[in-house]
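# when you get a sec, could you give me coordinates for this:
(one chain, ligands or ions: 2)
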Amino acid sequence: MNVYDSTRMADVLAPLGYEAVASPRGADMVILNTCHIREKAAEKVFSELGRLRAFKQERAAEGGEMLLAVAGCVAQAEGEEILRRAPQVDLVFGPQTYHRLPELVAKTARAGARHEGGGRGVLDIDFPAESKFDHLPEESAAPGAAAFVSVQEGCDKFCSFCVVPYTRGAEYSRPAAAVLEEARRLAAAGVQEITLLGQNVNAYHGEAEDGGTWSLGRLIRALAEIDGLTRLRYTTSHPLDMDDELIAAHAEEEKLMPYLHLPVQSGSDRILAAMNRRHSAADYLRIVERLRKARPDLALSSDFIVGFPGESDADFADTLKLVNEVGYAQAYSFKYSPRPGTPAAVEEAQLSEAVKAERLAGLQQLLGAQATAFNAACVGRDLPVLLERPGRKPGQLVGRSPYMQAVHVAVPEVALQRLTGALMTVHVEAAHPNSLAGRPIVDVGGVDESAASPAPTALTAPTARITA
Ligand code: 5AD
Ligand code: SF4
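Ligands and ions are numbered 1, 2, ... in the order given. Below is the predicted model of the structure:
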C-alpha cells in the first residue's frame, strides 16, 4: 500500500514540476512514507530523519532548500511527536490527505522556518470527509508490466494488536467504476498484471453503477474482462471475509492467480480470541479446504505473530500444528510488538524478548522449510513468468510465477530490453529458499518473437518514486 501511495504522491506532485530522483542528495523535496505497524518500523523513521538532516543542511549551505516531509501512518499516529523530536521536518501529513499535497507544499513555503536550518513544522493529519481518490490525478509515469490498484482502505476489524484501524481509519471501498477505469487505463499503458490492494481487501463492498454493491469476487470478474490484463491478484485478506463469490472466482477466473495471502496470525483458539480475530483455527482450516477444492494448486501465504501477550508453549505449539496442517508456499512472521493505543499493548502478560525470539526462530525454521520444499517442487516444471525488470546480475530478468515466486531468468543481453514486460514460459532449473531460476523454453536470442507476448513500448521498472 505504501508503494502505491508513494506512486500516487509522485502523480500529485508532477504538475508542480517535481519528478522522482534516485538520491536525496540535492533533492528539492524528500518524502519519507512511513509504516507504524511494528515499533521497529516506526523507530526507523527517526534514524532516517537524522540521516536526512545532513542532506538538508548540505542543500542549505549551497543556497538551496530541501523540503523534508513525513507521510504515512507514523505521521498519522505521531505527528506532533515527530515535529518535537525532529525539528528539521517541514511537513507532516497522513495517508488520507496526500491529495492535498500541492496546497500543503504552498502552505509550507509560506510558513517561516522555525529556526535557522530548521523545519517549518506544518501538520495535516485530518481524516477528511471527502475521499482522496476523488481528487487524485491520472498516473504521470509509465507503469511497468505489473501494477497496484488500491480498491479498499482502512479497517473495522480492530484486531487487538493492530494500529491500522487507528492510522488508516474506517473501512472504505472505492466505487467499482473508478477501479475499472483505472485498470483499463493501466492495461492500455501495457500493464498485464494488477494487484488489488486494501488493508482488508476482501471486505470490499464498492458502490456499483447499477445502484447495488459489488463484492471483491464480483469486481474480479469485471476486471477479468479487460483486454490486455492477463493476471489478477489481491492482498491482504481476512479469513472472515472469504465469501462464496470470492472462492468461486478462484475456481472459475483463469486470470486470478493461484496464490493467496490469507493471514491467520496464530493457531491457538485462545490467542485468536484474545486477538479479537473472531474465527477459530478450525474455521481457518475449513476456509483453506474450500479454497483448495476451488483451486487445487493454490499456493498459500500467511502472517503470524509470536509472543502475543499470554501466549503459552501450548498455544505456540498449536501455531506450529496449524502450519503443518496447511503447508505454506511462503509466509511472514513477526514478534509481537506492543503498539500504543491498542488493547493488547496494556495486557499485563507481556512475554520476554528471549521467549519471542526463540519462538520466532522455531516458526521461521518450519516456514522456511515449507517454502524451500514448495520451491523445490517447481524444479523441472515450465511456468509462465511475467518478466518485470532486470535482475542484479547481467543477462538476467526477474519476474513472478503464478504462485508469486520471484523467478530469475537468464536471457541474452541483446534481448533484455525486448523481453522486459513479456509473459513467457520458463523452464525452472533451480530452487532457492526465496526464489527460482530458469531459462526460457524457446530461443529468445534470435528473431523468434512468437514465444513472448510483445513487450510494451514504455517500460520502466517501478523503483523509488520520490527520493529515499
Ligand atoms: N506486532 C507484530 N506484528 C504485527 N502485525 C500487525 N500488528 C502487529 C504487532 N503489533 C503483523 C500482522 C499483520 C501484518 C501486516 O503485521 O501479522 O497481518
Ligand atoms: Fe489490522 Fe488486519 Fe486486523 Fe484490520 S484485519 S485490525 S488491518 S490485522
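
# what residues does this structure put near ligand 2?
Applying Cβ under 6 Å from any ligand atom, we find that the chain lies next to ligand 2 at 155, 157-159, 162, 164-165, 199-200, 238. For every residue, glycine as well, the C-beta is placed using N, CA and C.

# can you put those in CSV and add secondary structure and pLDDT?
Formatted as CSV, the residues of the chain next to ligand 2 follow (DSSP: H, G, I helix; E, B strand; the rest coil; pLDDT from 0 to 100):
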residue, secondary structure, pLDDT
Cys155, coil, 97
Lys157, coil, 97
Phe158, coil, 98
Cys159, coil, 98
Cys162, coil, 97
Val164, helix, 95
Pro165, helix, 95
Gln199, coil, 95
Asn200, coil, 96
His238, coil, 98
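
# filter those residues down to the ones close to ligand 1.
Within the residues of the chain next to ligand 2, those near ligand 1 by Cβ under 6 Å from any ligand atom are Cys162.

# mind putting the residues of the chain next to ligand 2 into CSV with neighbour count?
Below are these laid out as CSV (neighbours: other Cβ atoms under 10 Å):
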residue, neighbour count
Cys155, 24
Lys157, 17
Phe158, 13
Cys159, 21
Cys162, 21
Val164, 21
Pro165, 19
Gln199, 22
Asn200, 21
His238, 19
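
# out of the residues of the chain next to ligand 2, the closest to Thr7 would be?
Using Cβ to Cβ, Gln199 comes nearest to Thr7 of these, at 17.4 Å.

# isn't the closest one up against Val151?
No: using Cβ atoms under 8 Å as the test, Gln199 is too far from Val151 to be in contact (10.9 Å).

# ok, back up a step: quick one: which of the residues of the chain next to ligand 2 is nearest Leu16?
Comparing the residues of the chain next to ligand 2 against Leu16 with Cβ to Cβ places Gln199 closest, at 28.9 Å.

# separation between the closest one and Val428?
Per Cβ to Cβ, to the nearest Å, Gln199 is found 33 Å from Val428.

# repeat that for Asn200.
34 Å.

# then His279?
35 Å.

# more neighbours: those two, which one.
Val428 (23 against 17; other Cβ atoms under 10 Å).

# just give the nearest non-adjacent residue to that one, would you?
Gly438 (4.3 Å; Cβ to Cβ, 6 or more residues apart in numbering).

# helix, strand or coil: sort out that neighbour for me.
Three-state call for Gly438 (DSSP: H, G, I helix; E, B strand; the rest coil): strand.

# doesn't Gln405 make contact with it?
No: at 10.4 Å, Gly438 does not count as touching Gln405 under the criterion of Cβ under 8 Å.

# give the contact list for Trp157.
Actually, residue 157 is Lys. It isn't Trp. Neighbouring residues of Lys157 by Cβ atoms under 8 Å, 6 or more residues apart in numbering: 165, 200, 203, 238, 240, 276, 278.

# distance of the fourth one from Val164?
Spelled out, that is His238. Distance of His238 to Val164, computed by Cβ to Cβ: 11 Å.

# what do the two both touch?
By Cβ under 8 Å, 6+ apart, no residue touches both His238 and Val164.

# which parts of stretch 59-73 are buried?
Neighbour counts over stretch 59-73 (16 or more other Cβ atoms under 10 Å) mark 59, 66-73 as buried.

# and the one helix or strand Arg286 maps to, what does it pack against?
Arg286 is part of helix 281-294 when elements are defined by DSSP states H and E. Judged by 3 or more Cβ pairs under 8 Å, 6 or more residues apart in numbering; DSSP states H and E, the packing partners of helix 281-294 are helix 244-252, helix 269-274, helix 313-326.

# can you tell which of these is closest to Glu348?
With Cβ to Cβ as the yardstick, what comes closest out of these is helix 269-274 (12.4 Å).

# distance from the chain centre to the closest one, please.
Computed by Cα atoms, centre = their mean, to the nearest Å, the chain-centroid distance of helix 269-274 equals 27 Å.
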